[in-house]
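Participant: Return atomic coordinates for the entry below.
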Amino acid sequence: MELAYIPSPSRGVLYLGPIPLRGYAFCIIIGVFIAVWLGNRRWVARGGQSGTVADIAVWAVPFGLVGGRLYHVITDYELYFSPGRDWVDAFKVWQGGLGIWGAIALGALGAWIGARRRGIPMPAYADAVAPGIALAQAMGRWGNWFNQELYGRETHLPWALHITSSEGGRVPGYYHPTFLYESLWCIGVAFLVMWADRRFKLGHGRAFALYVAAYCVGRGWIEYMRVDDAHHILGLRLNDWTALIVFLLAVTYMIVSSRLRPGREEIVEPLAADGPTEDTVASGGSAEGAETDTGAGKPAASEPKSEPADEPEPKATAEKTEPATKKS
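Facilitator: As a prediction, the model looks like this:
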């Protein structure tokens, strides 16, 4: 008999009248708000405008949700398209199943579209939101707790997760709470990125690359502990290979970027009313140092000033002289 363990919720959905409130979706929504809030603070501290992060998130979040679901369905297609399965279940996101690799990849595409529309550099935006994304993942992993999924091997440690559901092939018992391990790891990654960003003035996407690399390290050993069904290649789970490849790409980017573009870029957003200009986009979002058609170092020709109109003489009458009114 276990004296201490992490209990699983009796159900993953509550009903507010006819409206279902699903724990999985609730955790994702909270994570999005955390990411936008922290990203906005970091963006403003870098010199950007408040609200830009939220505006771009309108593009990034839907793309990320679609990408996360696509990755899950493609890599676990047998859950939806094998004999005896219902392919309609592939659209039931609330039942769980969002692959972070697809979410980041397609979410980055959505963010790039939003950044282009605002005329700001995508790498700088990615650096600003990187810690917030890690915290959003930390919050989102608790959705797996509500669904009683993605746990590890059987264990009798005091913090074992008690699985009570037998649906979907689950075997009730006590298992490693890998959802909790990954949640705590993501919190550590967020603080690591914020510390390194302050200490080394990371720029040009290197803070985001550090987040990706650090997350992959943790995902590698956590994935190794999981016991849910997965495709294996040369004895390793598919997500282990994905984590290894993405880690190498992130580290390579950090090294190459630091040599080609050292330091941190300055953020100067174009005015929302004017929209992005070609010079702003080409210079990485900075409007400083833009030259006019009059040549380098030469001031632009100013338009001729219009001469003020002659003020009319005060009109005198036999009874009263009206003072001249002053033009504003």
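
Participant: what's the burial count for residue 70?
Facilitator: For residue 70, the neighbour count with other C-beta atoms under 10 Å is 17. C-betas here are computed from N, CA, C, even on glycine.

Participant: My error: substitute residue 210 in the last question.
Facilitator: Residue 210: 24 neighbours (other C-beta under 10 Å).

Participant: With residue 112 instead?
Facilitator: Residue 112: 17 neighbours (other C-beta under 10 Å).

Participant: Next, work out how far apart it and residue 125 are.
Facilitator: 9 Å (C-beta to C-beta, to the nearest Å).

Participant: Next, give phi and psi for residue 49.
Facilitator: phi -90, psi 140 (degrees, to the nearest 10).

Participant: burial count for it?
Facilitator: When neighbours are counted by other C-beta under 10 Å, residue 49 comes out with 18.

Participant: Hmm, it is touching residue 267, no?
Facilitator: No. Judged on C-beta atoms under 8 Å, residue 49 makes no contact with residue 267 at a distance of 9.1 Å.

Participant: Find residues that contact each of the two.
Facilitator: residue 43 (C-beta atoms under 8 Å, 6 or more residues apart in numbering).

Participant: Quick check: what element follows whichever strand or helix holds residue 132 along the chain?
Facilitator: If you go by DSSP states H and E, residue 132 is part of helix 122-140. Where DSSP H and E defines the elements, the next helix or strand beyond helix 122-140 is helix 142-147.

Participant: Contacts made by that following helix with the rest, please.
Facilitator: Against helix 142-147 from outside (C-beta under 8 Å, 6+ apart): 8-9, 12, 22-28, 95-96, 150, 161, 177, 179-180, 183.

Participant: And the strands in the stretch 101-250 of the chain?
Facilitator: 161-163, 173-175, 232-233, 236-237 (DSSP state E, counting those that start in this stretch).

Participant: what stretches of the stretch 51-200 of the chain score poorly on pLDDT?
Facilitator: Within the stretch 51-200 of the chain, no stretch has pLDDT under 70.

Participant: neighbours around residue 234, how many?
Facilitator: Neighbour tally, residue 234, other C-beta under 10 Å: 6.

Participant: So it versus residue 82, what's the distance?
Facilitator: For residue 234 relative to residue 82 (C-beta to C-beta), the value is 24 Å.

Participant: if I read this right, residue 62 contacts residue 111, doesn't it?
Facilitator: No. Taking C-beta under 8 Å as the definition, residue 62 is not a contact partner of residue 111, at 11.1 Å.

Participant: of these two, who's got more company?
Facilitator: With neighbours defined as other C-beta under 10 Å, residue 62 and residue 111 compare such that residue 111 has more, 23 against 13.

Participant: and the nearest residue to that one once chain neighbours are set aside, helix, strand or coil?
Facilitator: In space, residue 111 comes closest to residue 60 once its chain neighbours are excluded; the distance is 4.0 Å by C-beta to C-beta, 6 or more residues apart in numbering. For residue 60, the assignment made with DSSP: H, G, I helix; E, B strand; the rest coil gives helix.

Participant: Pull up the gap between residue 60 and residue 187, please.
Facilitator: Relative to residue 187, and taking C-beta to C-beta, residue 60 is found at 21 Å.
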